[in-house]
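Visitor: I would like the atomic coordinates for the input below:
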Amino acid sequence: MALLDWIAPESGLRIEGEGVWLRAPRSSDYAEWRELRAESRAFLQPWEPTWPADDLSRGAFRRRLLAYARDREVGAAYPFFVFRGSDDALTGGITLSNVRRGVAQMGSIGYWCGRPFTRQGLTLAAVRALSEFSFRTLGLHRLEAACIPENRPSRDLLGKAGFAEEGFAKAYLKINGAWRDHVLFGRVSPYGERDGPDEGVSV
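Guide: This next block holds a predicted model:
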């Protein structure tokens, strides 16, 4: 089965984590996603790019899904929504992006968590689950992540997820309207040298 088939929204693929599960976003997620993002806007905005004026509209969500599909098709990124295992509530999102094959075999992890679900270990579990999927199923050798230096919860989370602090990048990403410095993190696969995805999984 091709990898695209594995992670398409209709495939039914679930990545299981400790108290959470992940799957690709679907159009039917719109109402729950909009409610969570709207409720969490003030909490999330300091750590994210500036939201477009129509960011929470159904049309913008539809464009987001189309962009996700294009990224999946070329193997550049694999977005997932995060759900709490106890009640299947949508808690946030996590994406493996900037996937590079060839001699690199690496990708970057980014995530967000809705305000009502913070400090419950759910995002940590999602990062751990996606890391395992990236290493074992996709056959990546290395994962990277970055966060604003003042975001101590995210720095602590990455450390607990097995990422090591590796450096500091000036004006790395434009966050909330300004170019912000970031702390850089990395993690190498614990499963040894890999040449690519598991057998039977094509990209």
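Visitor: hey, let's count contacts and neighbours off CA atoms from now on
Guide: Fine.
Visitor: Excluding chain neighbours, give the residue nearest to residue 159 in space.
Guide: residue 165 (7.7 Å; CA to CA, 6 or more residues apart in numbering).
Visitor: Actually, residue 36.
Guide: residue 114 (6.0 Å).
Visitor: so that neighbour touches residue 38, yeah?
Guide: No: counting by CA atoms under 8 Å, residue 114 stays clear of residue 38, with 9.3 Å between them.
Visitor: ok, these two, which is more surrounded?
Guide: residue 114 (21 against 15; other CA atoms under 10 Å).
Visitor: for that one, phi and psi?
Guide: phi -60, psi 150 (degrees, to the nearest 10).
Visitor: excluding its backbone neighbours, what's nearest residue 155?
Guide: Per CA to CA, 6+ apart, closest to residue 155 is residue 147, 6.9 Å.
Visitor: Now do the contacts for that neighbour.
Guide: 154, 155, 182, 183, 184 (CA atoms under 8 Å, 6 or more residues apart in numbering).
Visitor: How about residue 149?
Guide: Taking CA under 8 Å, 6+ apart, we find residue 149 in contact with 155, 181, 182, 183.
Visitor: just residue 181 next, same as before
Guide: Residue 181 touches 148, 149, 168, 169, 170, 171, 172, 173, counting by CA under 8 Å, 6+ apart.
Visitor: okay but the fourth one is in contact with residue 183, surely?
Guide: Which is residue 169. Yes: with contacts counted by CA under 8 Å, residue 169 reaches residue 183, the gap being 6.4 Å.
Visitor: before we move on, the earlier item: the residue nearest to residue 159 pairs with what?
Guide: residue 185 (DSSP bridges).
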